[in-house]
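> Here is a sequence with its predicted model. Questions after.
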Amino acid sequence: MTSLLTFARRAGITAACLLATQAQAATVALSNITGAWFNPDPAAVITSNTGADTANAQIRWAASGYDFLAAADTSVVVPPSPSATFNVANFQHVNQPVGAAITSVSLRIMADIEVDGFSVGTKSFFFDFLHDETPNGDDPCAYGGANGSGVNINGCADRVSVAFSDASESFLIGSDLYTVNIIGFLAGGGLVTDFLTAELATNTAALVANVTLRSDLTVPEPGSLALVGFSLAALGAMRRRRQQARA
């Protein structure tokens with residue numbers, strides 16, 4: 001029992017040291033940011049898709065469409081996770097009356113990633129944009145209230161939302177995997193998850209992102225805690241043996 005307790009204590013100390021090492025701050029720099037639109041649904045309505053993997057990527061259905069305008073190089077510090085937010089690009093919805101529109105489209109953002117000045121390569125991060133093209137003449141409108149006022153001044157506004165895709169790549173800092181995540185749109189002076197876009201206008205919002213632990217965006221199973229878990233399991237086994245010996 002003494003040897004088991006000693007082992008558990010040593011394992012706990014080792015795990016604590018490992019976690020402390022991983023908690024050291026690192027600077028993550030993103031440069032040469034580009035974008036590309038792909039996988040529109042339905043594909044038949046697309047009239048053009050230009051500027052793939054460039055700083056200015058565009059996709060159009062009739063006179064409407066999306067623009068991706070890459071932001072300047074930037075850097076953040078992790079941990080904490082998520083990091084401070086930053087603008088990864090400007091997003092534009094050119095909103096004109098159309099007969100048919102997309103319901104969704106995907107965006108690939110590529111960037112050169114450095115961690116504390118050392119390159120970890122060019123990484124791709126994927127996001128799914130959902131598009132709700134509302135009937136312009138509804139009153140009240142689906143979003144934003146009455147037709148003819150506010151965001152619905154020229155007819156009912158459309159809604160755009162964005163979600164992280166698990167296809168995104170990761171990069172290693174210490175023994176933890178991090179990735180880039182878009183958390184919403186900076187529009188009207190505030191951060192929103194749903195961007196309401198006025199008809200007959202080019203609507204612009206910053207795509208707000210952060211650097212976050214990959215485990216926070218998928219099923220959490222942080223390998224850094226495995227040793228701590230093993231140590232706790234060993235202590236639990238020792239307690240059970242003591243109870244059985246007393247019985």
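Done, it's in.
> residue contacts, the spatially most central residue of the chain?
Nearest to the mean C-alpha position of the chain, by CA atoms, centre = their mean, lies Asn181 at 1.9 Å. Counting by CB atoms under 8 Å, 6 or more residues apart in numbering, Asn181 makes contact with 82, 125, 164, 168, 209-212, 217. Placement of C-beta: from N, CA and C, glycine included.
> Can you say which of those are buried?
82, 125, 164, 168, 209-212, 217 (16 or more other CB atoms under 10 Å).
> Which member of those residues is positioned nearest Asp132?
Asp132 has its nearest neighbour among the buried ones among the contacts of Asn181 in Phe164, at 19.1 Å by CB to CB.
> sorry, back to before: narrow the buried ones among the contacts of Asn181 to those in strands?
Using DSSP state E, the members of those that fall in strands are 125, 164, 209-212.
> contacts for stretch 195-206?
Applying CB under 8 Å, 6+ apart, the contact partners of stretch 195-206 are 71, 87, 89-97, 136, 143-144, 151-161, 185-187, 192.
> repeat that for 7 Å
Stretch 195-206 has contacts (CB atoms under 7 Å, 6 or more residues apart in numbering) with 87, 90-97, 136, 143-144, 151, 153-155, 157-160, 185-187.
> swap in stretch 63-81?
Contact with stretch 63-81 is made by 23, 25-31, 33-35, 37, 55-59, 83-84, 86-96, 98, 101, 105, 107, 173, 178, 211-213, 216, as judged by CB under 7 Å, 6+ apart.
> Mind pulling the model confidence for Arg240?
If you check Arg240, the pLDDT there is 43.
> go on, Gln24?
With respect to pLDDT, Gln24 has a value of 88.
> That one: neighbouring residues, count only.
Neighbourhood size, Gln24 [other CB atoms under 10 Å]: 10.
> Can I take it that it is in a helix?
No: in this structure, Gln24 is coil, not part of a helix, as judged by DSSP: H, G, I helix; E, B strand; the rest coil.
> could you check the distance from it over to Ser64?
Taking CB to CB, to the nearest Å as the measure, Gln24 and Ser64 are separated by 47 Å.
> Gly189 now?
From Gly189 to Ser64 the distance is 25 Å (CB to CB).
> Looking at those two, which one has more neighbours?
Ser64 (22 against 5).
> Report the beta-bridge partners for the more buried one.
Trp61 (DSSP bridges).
> in this structure, which segments are predicted with low confidence?
1-23, 219-247 (pLDDT under 70).
> I appreciate the help and will end here.
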